[in-house]
Structure formats: C-alpha cells, structure tokens
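*Asks:* My questions concern the predicted model and sequence given below.
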Amino acid sequence: MIPKHVAIIMDGNGRWAKARGRPRVFGHIRGSSRIKSIVEGASDLGIRALTLYAFSTENWTRPDTELTVLWKLLKKYLIKEVKNLEANNVRLKVIGEIDKLAPELQTLVKSSEACLAKNTGLFLTFCVSYGSQREIVDATKRIVNDVISGKLMATEINEALFENYLWTDFLGDLAKVDLLIRTSGEQRISNYLLWQAAYAEFLFMDVLWPDFSKENLSQAVNDFSKRQRRFGGI
Ligand code: FPP
C-alpha cells in the first residue's frame with residue numbers, strides 16, 4: 001500500500017554543510033533545491049499529500065543571518081516553482097504562524113496558494129513557523145470562543161470536531177499522516193504534527209536532507225508498504 005500522506009522532517013542541512021567545511025546556510029541552499037524533485041517523486045509515486053517541516057516555532061532562536069537566508073529561500077522557491085507546481089497540478093498550502101513572517105512574504109504565500117488552489121493533484125504543505133503544540137492550543141482557543149458565542153455546544157466536542165479546528169483541516173481525511181520520515185538519523189518528533197501522526201508509521205533515515213533523493217523516497221514508501229498497521233487492533 002502506498003502511504004496517502006507523507007510528512008517529512010527535513011533534517012541535517014547544517015551537518016551536511018559542516019562536513020564540507022561550509023557555513024550552515026550552504027546546507028539550507030542545497031536542502032531547498034532538493035524539494036523540487038521530492039515533490040515530483042511524491043506525485044509520481046501516487047502520494048496524495050506531502051507535508052514538509054520547513055521552520056519550527058523553536059527555529060526563531062537561530063541567528064538572524066541564518067533566518068534571513070531561510071526566508072530568502074522560501075521566497076525564491078515560491079517565485080521560481082509556482083509555474084512548475086501549476087504544470088504538475090499541485091495544490092500548495094503554508095501552515096503555521098504565517099502572521100509572524102514579513103508582510104511581503106505573507107503576500108507572496110497567499111498569492112502562490114491562490115494560484116494553485118484549483119489544482120486537483122498532490123497537496124503540498126509547508127509547515128512554516130509551525131509548532132504542533134501551538135496548533136493544538138490555537139484550535140482549543142477557537143473552540144472555546146465558539147462555545148462562548150453559542151456557535152457550538154461543549155457536548156459536540158469530539159476528536160472529529162477537534163480536527164476541524166487544526167491547521168490541517170483543509171486536508172480533510174488526508175490530514176492523518178501515514179508515514180513520517182525524519183532524515184539525518186535523529187530520532188525525535190520535534191513538535192511536528194503530534195495529533196495528525198497519532199497512528200503514523202515512523203521512519204528515521206540515515207541520510208542528510210541535502211542528499212535525500214527520489215530513490216530515498218521510493219525506499220521509504222517501499223518500507224511502509226511492508227509494515228503491518230493495526231491502529232490499536234489485532
Ligand atoms: C533542519 O536542518 C532544517 C531546517 C531547520 C530548515 C529546513 C529548510 C529547508 C530545507 C529549506 C527551506 C526552504 C523552503 C523552500 C521551504 P538543521 O539546520 O537543523 O541541520 P542540523 O541538524 O544538521 O544542524
């Protein structure tokens with residue numbers, strides 16, 4: 001079985017650059033250039049949703065020089081790739097605390113999403129200034145507000161309703177992650193899609209993100225297809 005929703009923690013850019021005696025940002029530049037072929041690979045494999053962790057709520061503590069490069073790379077990706085995504089029928093969403101980004105970048109994000117909104121192929125989602133705990137707290141606040149304003153009754157709150165308030169709501173049934181890949185060999189979830197990955201299969205791969213290839217994605221999908229998922233049953 002092909003995983004419908006694959007989520008990736010793109011880890012190891014810094015180590016990739018360090019191994020080559022280059023500054024960390026060199027790894028981010030190379031890492032961002034990998035995204036195009038992984039998106040193509042995901043579409044070719046029949047994956048329906050690909051969610052990439054580009055920047056966490058905790059990443060704001062990194063030096064300004066590194067942050068500036070990361071924002072430039074996101075901007076460059078959006079400017080350069082929207083045409084290509086359109087040609088490949090890809091839908092794009094950026095989730096996270098987007099209001100913390102520079103206004104110009106926010107506008108670019110919104111216009112890129114709008115350009116691709118009518119497509120029917122792969123859902124490509126970038127998590128930017130994203131933290132799963134923040135997402136869950138945000139959902140809780142909006143639920144409480146809806147209860148206070150009388151739009152919702154407390155007795156109506158259940159898992160399905162809660163999911164409607166998460167930032168992945170637009171994915172519908174696809175929001176549940178089937179396969180979560182972390183590159184670089186680290187074995188942590190780092191505040192990523194905690195709710196959505198409740199029954200995900202985890203795969204920690206010993207390859208640094210700037211080296212991650214379509215073949216690695218294929219291997220991951222192949223590994224997933226051999227797993228037995230029981231969702232708590234027997
Ligand atoms: C983790 O590696 C990677 C990040 C925090 C950033 C990921 C960003 C990109 C791949 C480029 C972003 C561009 C777009 C278009 C979304 P790390 O820096 O923590 O590596 P390390 O653990 O080896 O130090």
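*Replies:* Yep, it's here.
*Asks:* How about the residues of the protein by the ligand?
*Replies:* Residues of the chain found near the ligand (CB under 6 Å from any ligand atom) are 10-15, 28, 31-32, 35, 54, 59, 70, 73-74, 77, 126, 209. Glycine gets a C-beta too; all of them are placed from N, C-alpha and C.
*Asks:* Among those residues, name the ones in strands.
*Replies:* The strands, defined by DSSP state E, take in 54, 126 from the residues of the chain next to the ligand.
*Asks:* mind listing the strands for this protein?
*Replies:* 5-9, 49-56, 91-95, 123-130, 179-183, 201-205.
*Asks:* Ok, which of those comes nearest residue 224?
*Replies:* For the strands of the chain, the distance to residue 224 is smallest for strand 179-183, at 4.7 Å, taking CB to CB.
*Asks:* any idea of the angle that closest one forms with strand 5-9?
*Replies:* Interaxial angle, strand 179-183 versus strand 5-9 (axes from the mean of the first three to the mean of the last three CA atoms, to 10 degrees): 20 degrees.
*Asks:* Partner strands of strand 179-183, with direction?
*Replies:* Applying DSSP bridges, strand 179-183 is found paired with strand 5-9 (parallel), strand 201-205 (parallel).
*Asks:* quick one: average confidence on it?
*Replies:* Across strand 179-183, pLDDT averages out at 98.
*Asks:* now what about that strand, what contacts it?
*Replies:* With contact meaning CB atoms under 8 Å, 6 or more residues apart in numbering, strand 179-183 is reached by 3, 5-12, 188-189, 192-193, 197, 200-205, 207-209, 212, 220-221, 224.
*Asks:* Filter those residues down to the buried ones, PyMOL style.
*Replies:* This is how PyMOL selects the buried members of the contacts of strand 179-183, with burial counted by 16 or more other CB atoms under 10 Å:
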select buried, resi 3+5+6+7+8+9+10+11+12+192+193+197+200+201+203+205+207+208+209+212+220+221+224
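*Asks:* Report the spatially closest residue to the residue in the chain that the ligand sits nearest to, excluding sequence-adjacent ones.
*Replies:* With CB to the nearest ligand atom as the measure, residue 14 is the residue of the chain nearest to the ligand, at 2.4 Å. Closest residue to residue 14 apart from its sequence neighbours, by CB to CB, 6 or more residues apart in numbering: residue 24 at 4.3 Å.
*Asks:* what comes into contact with the top helix by length along the chain?
*Replies:* The longest helix of the chain (DSSP state H) is helix 64-87. Helix 64-87 is contacted by residues 24-25, 28-29, 32, 35-36, 39, 54-55, 59-60, 62, 92, 101-102, 105, 108-109, 112, 115-116, 119, 124, 126, 128 when judged by CB under 8 Å, 6+ apart.
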